[in-house]
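Undergrad: with the sequence up front, the predicted model follows.
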Amino acid sequence: APRSASSANARASARADARTSTRASARQSSPAQSPQPAPPPKLAPPLPSSTPKDKERAWVAGVGVVIILLIGVVSAFVLTHGNPLSIVAGAMATFTRAPTAAATVTLRPLPTIAATTTLRSSPTALPTATPRPHTPTVLAIAPTSVQSPTAKPATKSATLSPAPRATATKPPPTLTRTATASAPTKTFTPPPSPTPTPTLVAGQALTRTVDTMVMRFIPGGTFLMGNADADAPDREKPQHEVALGPFWVDQTEVSNAQYKLCVQAGACAAPVIRTAYDDPARANHPVTFVNWDSANAYCLWVAAQTAWDARLPTEAQWEKAASWDPQNVTKRRYPWGDGKPDATLLNFQDSQLNRTQPIDSYLAGASAYGLLNMAGNVWEWVADWYDKDYYRQTTPPWVDPTGPDKGKEKIVRGGSYGYGPAEARSAFRNMGDPQKARGPDLGFRCAVIGERLP
């Protein structure tokens, strides 16, 4: 057994040596061979080809860079030299041929700079352009010579010399507003409207300070004057429409005490008979024994003391104050209405008193305007001359009539304590001599022309 293993090993070794010698022989016997080339290196996979969208993105990026660079250049130029378009426009305006007559050139304002430069013609030089208010940039254009309107026109061969270069001032620094808390909103309060002047009403009272006389207001307007009764006296016909302006009239007849103020002032003559005038118990009775001149003098004295247009009332003014009812727009037969007269309404013949009564008596017999004793007590002088045919001779329109221009007698109105109901009618007309007529039953009252008295 051991011998078998040794022989097996010897045989295996012999076979290995044989194979080794065989390979060496083969290498020696075979011709020389060229060395084998090295395997090529592995290359990166090729890049995919660019698409149209990639090219568009690259082009937009390039244009953006160029625009940014241009904006930077323009901004630097504007900060250094001002608005280039305004400079170019100003230079072009100066190279324009000046016409024989002065011309005005207006540059359009830039979209971002609200400045308007207006060139106005001048016989010598153009003034510096003035910007509109509240514009952030002010352009100063150098003045250029313009041909005078009286100079001869330039010929076609004339050569225009370039004007000096227009310069522009640097824009003022931009004001930056700092945000602050908003103030509370103010509520608009309209200014107070002026207080309207109160309207005067018919019969409104006003007291004169010069003689403490109460006056009543008679508004302007039309009323019926005269008598429409078939049996009326001819001197009261025809009844006609009269237009009067506004006026004031004394509420009562002038008293003895009031008339005495005018006598003491030296403006009036004392009554011819002074019995009632000098009686203190009758100081509030109507003054009597005065003629038309004395009555007129008293009213003129009131005018001088008050600066009002005071005078004796016209016949038309007296009749309207006595008979017209403004509320019902009707004419009354008597001051109080159409009722029959009695001793509670007036002092007349039927009262059988045979003397004057205080001026503030008979409140029940007041007229529609609040006037007292317009019927009875004493006759009253008015301003007009008397003419029995005056109503027939005068043609309409009747506007503030003042009666005839002349005459021999003045009109008296209202009746008295010595006369009856017929003479107490508001349309009744009587007359008296302006110098000679003076009696115990003849007095007067005044009127003031106008509405708003100073």
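TA: Structure's in. What do you need?

Undergrad: got the buried residues for stretch 275-293?
TA: For stretch 275-293, the buried set under the neighbour-count rule, 16 or more other C-beta atoms under 10 Å, comprises 276-277, 282-292. Backbone N, C-alpha and C define where each C-beta goes, glycine included.

Undergrad: could you say what helices and strands the longest strand along the chain packs with?
TA: In the chain, ranked by residue count with DSSP state E as the criterion, the top strand is strand 379-385. Taking 3 or more C-beta pairs under 8 Å, 6 or more residues apart in numbering; DSSP states H and E as contact, the helices and strands that strand 379-385 lies on are helix 292-306, helix 315-323, strand 410-413, strand 430-432, strand 442-443.

Undergrad: who does it pair up with?
TA: Strand partners for strand 379-385, identified by DSSP bridges, are recorded as strand 410-413 (antiparallel), strand 442-443 (parallel).

Undergrad: a markdown table for the ones you listed, including mean neighbour count, mean pLDDT and distance to P196?
TA: Shown next, in a markdown table, are those (neighbours: other C-beta atoms under 10 Å; pLDDT from 0 to 100; distance: least, C-beta to C-beta, whole Å):
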| stretch | mean neighbour count | mean pLDDT | distance to P196 |
| --- | --- | --- | --- |
| strand 410-413 | 24 | 98 | 37 |
| strand 442-443 | 26 | 98 | 40 |
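
Undergrad: among the buried residues of stretch 275-293, which one lies nearest to K340?
TA: Closest to K340 out of those is P286 (24.4 Å), distances taken as C-beta to C-beta.

Undergrad: ok, the closest one to D250 distance?
TA: Between P286 and D250 the computed distance is 11 Å (C-beta to C-beta, to the nearest Å).

Undergrad: do K55 as well
TA: In this view, K55 and D250 are 113 Å apart by C-beta to C-beta.

Undergrad: higher neighbour count, the two?
TA: Legend: neighbour count by other C-beta atoms under 10 Å for K55 and D250, higher for D250 (27 against 10).

Undergrad: that one contacts F217, doesn't it?
TA: No. Between D250 and F217 no contact is recorded; they are 11.8 Å apart, counting by C-beta atoms under 8 Å.

Undergrad: about what we covered before: which one of the helices and strands packed on strand 379-385 lies nearest to Y386?
TA: When the helices and strands packed on strand 379-385 are ranked by distance to Y386, counting by C-beta to C-beta, first place goes to strand 430-432 at 3.9 Å.

Undergrad: starting from the closest one, tell me which strands it pairs with and how they run.
TA: Here strand 430-432 has these sheet partners by DSSP bridges: strand 410-413 (antiparallel).

Undergrad: got a pLDDT number for A18?
TA: Note for A18: predicted pLDDT of 52.

Undergrad: do the same with T159
TA: 41.

Undergrad: what sits against V201?
TA: For V201, the residues meeting the contact criterion (C-beta atoms under 8 Å, 6 or more residues apart in numbering) are F217.

Undergrad: please tell me how far it sits from Y369.
TA: Following C-beta to C-beta, the distance that separates V201 from Y369 is 10 Å.

Undergrad: for D350, same thing?
TA: Remark: distance between D350 and Y369 (C-beta to C-beta) = 25 Å.

Undergrad: so those two - more neighbours on which side?
TA: Between D350 and Y369, Y369 has the larger neighbour count (other C-beta under 10 Å), namely 23 against 16.

Undergrad: export only the CA atoms of the helix or strand hosting F217, formatted as PDB.
TA: Using DSSP states H and E, the element containing F217 is strand 214-218. Once side chains and other backbone atoms are set aside, the C-alpha atoms of strand 214-218 remain, and they are given as PDB (Å, rounded to 0.1, in the frame of the first residue of the first chain):
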ATOM      1  CA  VAL A 214     -97.600 154.800  18.200                       C
ATOM      2  CA  MET A 215     -97.700 154.200  14.500                       C
ATOM      3  CA  ARG A 216     -99.300 151.400  12.600                       C
ATOM      4  CA  PHE A 217     -98.000 149.800   9.400                       C
ATOM      5  CA  ILE A 218    -100.100 149.800   6.200                       C
END
